[in-house]
Structures are given as C-alpha cells and as structure tokens.
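Colleague: Need coordinates for the below:
(one chain, ligands or ions: 1)
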Amino acid sequence: MAPDISGRTRPTKPKKQARGVKRKRNEVNLETLQKAVEELDPKAPVNSFDDLPLSQETRDGLAASHFKTLTDIQKKAIPTALKGADILGAARTGSGKTLAFLIPILENLYRTQCIGSDAGLGAMIISPTRELAIQIFEVLRQLGRKGHLFAAGLIIGGKGLREEQDALTRMNIVVCTPGRILQHLSQTAAFNVDMLQMLVLDEADRILDMGFQRDVDAIVDYLPKDRQTMLFSATQTKRVSDLARLSLRDPEYISVHEASATATPKNLQQNYVITPLPEKLDTLWSFIQNTKKAKIIVFLSSGKQVRFVFEAFRHMQPGIPLLHLHGRQKQTARLEITTKFSNAQHSCLFATDVAARGLDFPAVDWVVQVDCPEDADTYIHRVGRTARYEREGRAVLFMDPSEEEGMLERLEAKKVPIERINVRAKKQASIKNQLQSMCFQDPQLKYLGQKAFASYVRSLHVQKDKDIFKLDKYPLEKFAASLGLPGAPKIKFLKADADEVKKRKNASRQAAMSDSESEEGSDEEKDPKQRAKDKKNGVRTKYDRMFERQNQDILADHYAKIRHKDEGEGSDADIGNLDGEQASDDDLFDVKKRIPAEGTYNPDAMPQASAPEYAKTVHIPGAKEGLVLDSKRREKMLKSKKQLLKLKGQGQKLVFDEDGNAHQLYELEDENDFRARGEAEDQRRKFLEEEAERVAEADVADKALVKEKRRAKKEKRKERERAEAEESDEGDDGEGAMFGGDNNDAMANFLADAGSGSDDASESEEEQPKKKQKKWFQRDIPDRSDQGGREIETMDDLEAEAARLLG
Ligand SMILES: Nc1ncnc2c1ncn2[C@@H]1O[C@H](COP(=O)(O)OP(=O)(O)OP(=O)(O)O)[C@@H](O)[C@H]1O
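Modeller: So this is what the prediction gives:
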C-alpha cells in the first residue's frame, strides 16, 4: 500500500454504511466544486485563497502552512490552471511559482479523483536538479498533509532502481529529474503513463535547453498528447520551437513582471566591482572577513574552482562556517549541505550553478558572483537566491575589466539594475603569499589549484558570448600565481567547436545533476573485462582519465589505490598527463608540458623502471635501491638536497663495542664457537633458566621500589592533611563561619589564608571549598591507627590486615 502525501496509509476496510455516507458526501462536494470551477472567471480579481474554488483538504494544507493571500503569479496562474489551460508562467525569482503549479495539480487530480494505485500516474513535475526536486516535493507534502490521499513520490536517482520501480507504479504524482524518469519510462515495464493529465516543467528554459534536449524529447514521446502542460521560470522561454516540442495547446502566457522596469526582485540591491582576475580571491577573502555575521552564497564557475577555494579558505580559518556544493558530490552529502545551509544563521556556501536555480534557502543576505555568469539569465537566477518573497537582499558581481562592457550590455537588455562600487583599499588584503606557502606545503591543495586553473580557463574558452569572455584579455600567468601555483599549467587549445564542447559540458553537468550515470551503470559497477573492452573500442571512462593523470603521487590515497588495482588488472594506463581530464585525446585541451613516459619517477613502477626501455637511466648514490631516473630528472634531483633526502634509505641501527667498532644489532656467531659450548638444546635450556632467574630478581626489586614509593606518597599526603586540619582549627569553626561572615572581604581573607597554607600555592580559590569538604569527610573516618589497625588502601594493606586479624 503506497503512503499518501501526508505519509499515512489509506484505510483498507471502512465500515460499509459509513463508506456509503462518505461517498455520497464526496460526490456532492465534488459536483459543487466542479461547478464552481466551471463558473470561475480566471480574469476576476482574487486576493485570498478563500476566494478560489478549492477542496477543503487543500485549504487546510494552505492554512497549516500559513499561506493566506496569493502572490501576483499565483493570482493569475492558479485560476487559469484550475480551468485546465496550458500555461507559460514567468515571474521574478522568489515570487511563489511553486504553489502556482502545485495547487492546480492537487485540485485538478482531486476533481477527477485520480487517487490511489488503480488511478495511475496523474501528474509529472520535472525539475533540472535533484535539490530542486526535493524542495518541490517537500512543499507538495506540506500542502497535502491535511487530508489529501494522493500517493506522491520523488524519482531523482541516487537510490536503487528496483526500490524506485516498486513505488513508481503506485504513484499519482511524481516529482523527478529528466534522466532518471526517462530511465524508468524505458526500463520499468509496469510504469504506465497513459492516464497522465498534467505535465509541469519547473525552470522550463533550463530543461528545454541543449543539455536536457534529448531526454525531454524522449519523455514527451511517452506521454499522452491530451494533457495539460505548464512551464514556469523566472526567465521564461517563448521560443516557438520549444513550445512545439511540448505540443502545447494555445498556451496562456502569464508574465506578471514583464511590464515592470526590472526583471529582478524590488528588494534586491545589486552592485558590481571591477577586480582583475588575479585579485579576485583577495577581494573575496576581504569581503568574507568583513561580512562574517551573514549568510552568503558564493558562485564559482566549476566544481574544481569550488573545491579549491573551499579547501584553501578553510585552511585559513575565516571565522565563519564554510560549506561547498557542486554536482560531483554524492547525493547524501549534497542533501546534508543544503540542509545545513538552510538551517544556518551565518554561513558561507561556495557553489556552482547547481544552486543557481529554484533553491529557496531561507534568509540569504548576500549573493557573491566571483566568476562572471555565462549569461544574463544565469545572473538573474543566481541573485534570486536572496531577496525572496518580500525579504531584502544584496548581490555583488566581480568582473575582470575585460568583462565589464559586454556583461553590462547584456544585463541592461534584461532589465537588471546594477551599480558599480569600489573596494576600499585599506580593507583589501592580499592572500597570495599565504596561498603560495599553503600550496607549497600541501601538494593536494596545489593539485586542486592546478585543476581549478585549468577548469576555469576551459570555462572561459567554451563561453558562447565572446563579447564578454575574451580569453586573450585575461592575465592567466598572474591568475595562476594568485591561486598559489608556482606557474601556470601550460594548456594548448585543440581545434574544437565551442558548441560541441558546450554540448559535452552540458551532458556531463546533467549527469552530475541528475542520474544519467546510472543509466549505463556507473564505471565502478562495470566489470574489468567490460572496462578493458570499452578502452579498446575507444570508450574512455572517467576512471581511465583519472588513471592517466600525471602527478599521481599527490592524488588522494583512495585514488592511488584504485590506480594500483587497475594497473594490476593489466590496464594500459599511461601516467604522462598533467590532468587526464584536460589531456585526453578527445578533450579540448592538450598539455604541452608532457613528461615522457620513459624515466618517469614512479616508485611503484621501479622494478620495470630498470628494464631496458628506460634508456637513459642512472643510479643516484645512496638512493633507494632500484631507483632509476632519466638524465634531466637526475640533474634536477641532484640540485635539490631535500629531494635527495627523500630518496635516501631509512638507515640502520648499529651498536659500537669498547674499541669503537660498529656492529649490527644482531650478528650471527661463528658456528664452531657455538658448538664448542655444548649441545644446542642444553644451551637453550640454560639460557631460559638464567633469564627466568634474572627476571625473578628484577621483579622483587621492582616490587620493593613500588611499595616504597607508595608509602612515601601516603606519608606525604597524611602530613599535608594534618597541617591543613590544624590550620583550619586555629582559624575558625569550619564551613558555618565561612558562609556566615557578613562581608565578602572576610571570605576573601579566609580563602587567601587557606591558600597560603596549602601545599600547592598555585591552586585556585575555587578549589578551596572543595578541599574543605574533602577534609570534612576525612575527619569522619575513624582513625584506626590508634587501635593498632591500619588504613586499607592497597591489596597489600588488605592482606596484611587479614593476617593480623586472623592472628
Ligand atoms: N502566497 C504566499 N504567501 C506567503 N509566502 C509565499 C506564498 N507563496 C510562496 N511563498 C514563499 O515564497 C518563497 C519563494 O517561493 P518559490 O520558491 O515558489 O519561488 P519561485 O518563484 O519558484 O522562485 P525561483 O524562481 O527562484 O524558483 C517561499 O519561501 C514560499 O514559501
């Protein structure tokens, strides 16, 4: 039995009579509701949800979530959608578009009684990211929790396919990502969409763009043509070709803010600063240092940038909790991070555009765009994470001087009001040196830096809008230095059509955002034979590329292990590239600075390294056995003492005799000498006896020593306690006097005096009353030493006392 939206299961066998009455009442309600919807004038003004013909369950759900009045987009879209029209909805970010499509879904399915597993799937909501799908599902759950009995579910991947399959066949409403739902449409035999009445695309322009094109077209092919389709976004598409693809029927274009002067929320203050690329991180760091009591989202262009900045800043302890979010993280981590950021009061989240659309983090104060967005629409969605539903917010965009003119033109065309501000010189700190020393000390960080650099340059190269992004205008050498790198990794651009690259980028982004990696089974799941076959056929996986990376030594242990495993399986991995992802044959970049495979220093490959194919090899004196290097590398290593030390062996422990001659710790005796001393078995027995005797003697001495130490300690403690008791008897009558004194000075004097009488003059005043209490307890214990008895503290005391009592 599928759980309903509110998480309850439906009653199975209500009493017959009650069921009859209830059904009758429902029928009357449904008829009334249907009539009210038919009579509804979608153009008539509505203000409150009470003005709309809605089921009691939806009204209760809205009231429980404290939604009373409608936002502009809701006022226009809900009545039209209740009447079954197709909709193209456009409204600013944070203006309540989610309810604008969820309420009609609940109501239209309710009126047609598309409820329960027999009714089939009635509505499908597609979102471009998993996070947004989860958020929509959560709003749906809240809205339906007061009595609706629909079965609703979330299909976004990250779970077992089988698990999802079972639930999917019983759902009435599904919230999903394109890749995963397509997988079910093509693989889950029992998943029937013939009864589907409503299709919603949230962030429609994104879903209809190149990255999702193939999936969306395939999904629509499965769905019945006779359905209601609704498209929502803050940056709505009106392209006829897109609408034709979705077979919309006379769609109503509802754009509530089209006539207004700005495309962004009124309460949003937007600024930009001109900061040359090599100073961006300085500016960002200074900004964070001056804005610690705030909730901030920082947008960067790639996951690698995000990782590097997050790791580097984390090491520098900025004094505000840092989080990071990108599409390559595991789903559980992504969920944990978004929840953490939602609940945080002050925090800084570094994110890629995976967080740019739709996410409704509460009370975000600042949106900082460190890397210029690819277009004005992306800008609008990014800044839309703040100033949501009547709240205020601020946004700042960092631009390289070369980007200013082009970007401002684009923003103006989209009605984005933005003003320039400058960073105060005295507030600007430089972190270049710090980053350089961090990268020097931590090769992993340096490696992340190299990857961040390469991915940033790549992102610039593939940008479509060349009026904004002019690759030759960026000071890349200085940028590399600003990341703490000793030099810019040399990158050669291969001839590649930007569109083709973008397509690939989108496809991989989509895989990260949704679930397409599971469509073919992830690389990890593939068996080694299949992997080898793929490689032969030219199919190269992310793991192949990973194994091909240079700088293997500084990869995380985890990757190193995978590499060893793969090599063990006879992979043809070569270790010659700076960054496999950039250097693979079909990729955009080729790395100029290739170190030839022969002679590459790879400690794991040392046995093979001495084979003849390493032509110019040489031994370094004192180096680990088997280490061979090519001549260039040898020269470099010989220059560096530190490098040489690394290669030296660990050394041996030696002992010196009286004449100063060195010996091994254990040396083998001459066999004849050994035999001259008698039979081996006798020698062994004798040795054991002697050792046992020696150990027994040592044991007696040790015990005596311990006993003596214990006795001395006890004596010392008793002496100290006696002295304290005498002193307190002289001073006053104990605790009563201490608290009975009528002024604080008296107490302070008392504590000071007690302190001076203590063994440990450094003891704090707070400790004194405790000591007094301890003393009290001690006085209550009868002192049996007067009676010839002993205080029992140790096992020895106990044994002695027992012996005494037993005579
Ligand atoms: N009628 C309403 N009354 C009060 N608050 C509302 C109402 N409708 C929506 N909200 C609140 O407004 C916020 C933004 O809503 P929502 O996420 O639907 O915006 P959106 O238009 O989809 O934004 P985006 O374009 O960024 O996806 C949410 O926190 C939501 O709870």
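
Colleague: average pLDDT across the longest helix along the chain?
Modeller: Counting residues, the longest helix in the chain under DSSP state H turns out to be helix 680-731. Averaged over helix 680-731, pLDDT sits at 85.

Colleague: name the helices or strands packed onto that helix?
Modeller: helix 744-756, helix 767-780 (3 or more C-beta pairs under 8 Å, 6 or more residues apart in numbering; DSSP states H and E). Where C-beta positions appear, they are placed from N, C-alpha and C, glycine not excepted.

Colleague: hmm, try it at 6 Å
Modeller: Of the remaining helices and strands, none touches helix 680-731 by 3 or more C-beta pairs under 6 Å, 6 or more residues apart in numbering; DSSP states H and E.

Colleague: and the stretch 1-150 of the chain, which residues reach the ligand?
Modeller: Residues of the stretch 1-150 of the chain that fall close to the ligand, judged by C-beta under 6 Å from any ligand atom: 67, 70-71, 74, 91, 93-99.

Colleague: among the residues you listed, which ones are buried?
Modeller: Neighbour counting with 16 or more other C-beta atoms under 10 Å marks 67, 70-71, 74, 91, 93-99 as buried within these.

Colleague: For the residues you listed, work out which two are farthest apart.
Modeller: Across those, the longest distance by C-beta to C-beta is 18.4 Å; it joins Phe67 and Thr93.

Colleague: Which residue ranges of the stretch 251-400 of the chain form helices?
Modeller: In the stretch 251-400 of the chain, the segments counted as helices under DSSP state H, counting those that start in this stretch are 280-290, 303-315, 331-343, 376-383.

Colleague: Which of the ones you listed sits closest to the ligand?
Modeller: Proximity to the ligand (C-beta to the nearest ligand atom) singles out helix 376-383 among the helices of the stretch 251-400 of the chain, at 6.7 Å.

Colleague: and the helices of the stretch 251-400 of the chain as CSV, adding distance to the ligand and mean pLDDT?
Modeller: As requested, the helices of the stretch 251-400 of the chain are arranged in CSV below (distance: least, C-beta to the nearest ligand atom, whole Å; pLDDT from 0 to 100):
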stretch, distance to the ligand, mean pLDDT
helix 280-290, 23, 96
helix 303-315, 20, 97
helix 331-343, 11, 94
helix 376-383, 7, 97
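
Colleague: Make JSON lines from those helices and add mean neighbour count and distance to Gly211 to it.
Modeller: Formatted as JSON lines, these follow (neighbours: other C-beta atoms under 10 Å; distance: least, C-beta to C-beta, whole Å):
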{"stretch": "helix 280-290", "mean neighbour count": "20", "distance to Gly211": "27"}
{"stretch": "helix 303-315", "mean neighbour count": "22", "distance to Gly211": "15"}
{"stretch": "helix 331-343", "mean neighbour count": "15", "distance to Gly211": "18"}
{"stretch": "helix 376-383", "mean neighbour count": "24", "distance to Gly211": "13"}
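
Colleague: What values do phi and psi take at the closest residue to Ser347 other than its chain neighbours?
Modeller: Nearest residue to Ser347 in three dimensions, chain neighbours excluded: Pro321, at 4.6 Å (C-beta to C-beta, 6 or more residues apart in numbering). Here is the backbone geometry of Pro321 (degrees, to the nearest 10): phi -60, psi 130.

Colleague: Now for Pro321, how many residues are close by?
Modeller: Residue neighbour count, defined by other C-beta atoms under 10 Å, stands at 15 for Pro321.

Colleague: thought it was touching Gln345?
Modeller: No - using C-beta atoms under 6 Å, Pro321 is not in contact with Gln345, being 9.6 Å away.

Colleague: can you list the weak-confidence ranges in this structure?
Modeller: 1-22, 24-25, 492-652, 659, 727-807 (pLDDT under 70).

Colleague: Outside of the strand or helix carrying Gln74 itself, list whatever touches it.
Modeller: Under the criterion of DSSP states H and E, Gln74 resides in helix 72-82. If you take C-beta atoms under 6 Å, 6 or more residues apart in numbering as the criterion, helix 72-82 is touched by 37, 40, 42, 46, 87, 89, 91, 95-97, 99-100, 103-104, 107, 252, 254, 256.

Colleague: If we use 7 Å, what do you get?
Modeller: 37, 40, 42, 46, 52, 70, 87, 89, 91, 95-97, 99-101, 103-104, 107-108, 230, 252, 254, 256 (C-beta atoms under 7 Å, 6 or more residues apart in numbering).

Colleague: One more: stretch 318-326?
Modeller: Counting by C-beta under 7 Å, 6+ apart, 288-289, 292, 303, 306-307, 310, 313-314, 334, 337-338, 340-341, 344, 346-352, 354-355 sit against stretch 318-326.

Colleague: Mind doing that once more with 6 Å?
Modeller: With C-beta under 6 Å, 6+ apart, stretch 318-326 has contacts from 288, 292, 303, 306, 310, 313-314, 337, 341, 346-352, 355.

Colleague: Show me what residue of the stretch 251-400 of the chain gets nearest to the ligand.
Modeller: As assessed by C-beta to the nearest ligand atom, the ligand sits closest to Tyr389 within the stretch 251-400 of the chain, at 3.2 Å.

Colleague: and the closest residue to that residue other than its chain neighbours, backbone torsions?
Modeller: Setting aside the residues directly before and after it, Tyr389 is nearest to Gly94 in space (C-beta to C-beta, 6+ apart), at 5.2 Å. Main-chain dihedrals, Gly94, degrees, to the nearest 10: phi 70, psi 20.

Colleague: what does the one 5 residues further on give?
Modeller: Per-residue torsions, Leu99: phi -70, psi -30 (degrees, to the nearest 10).
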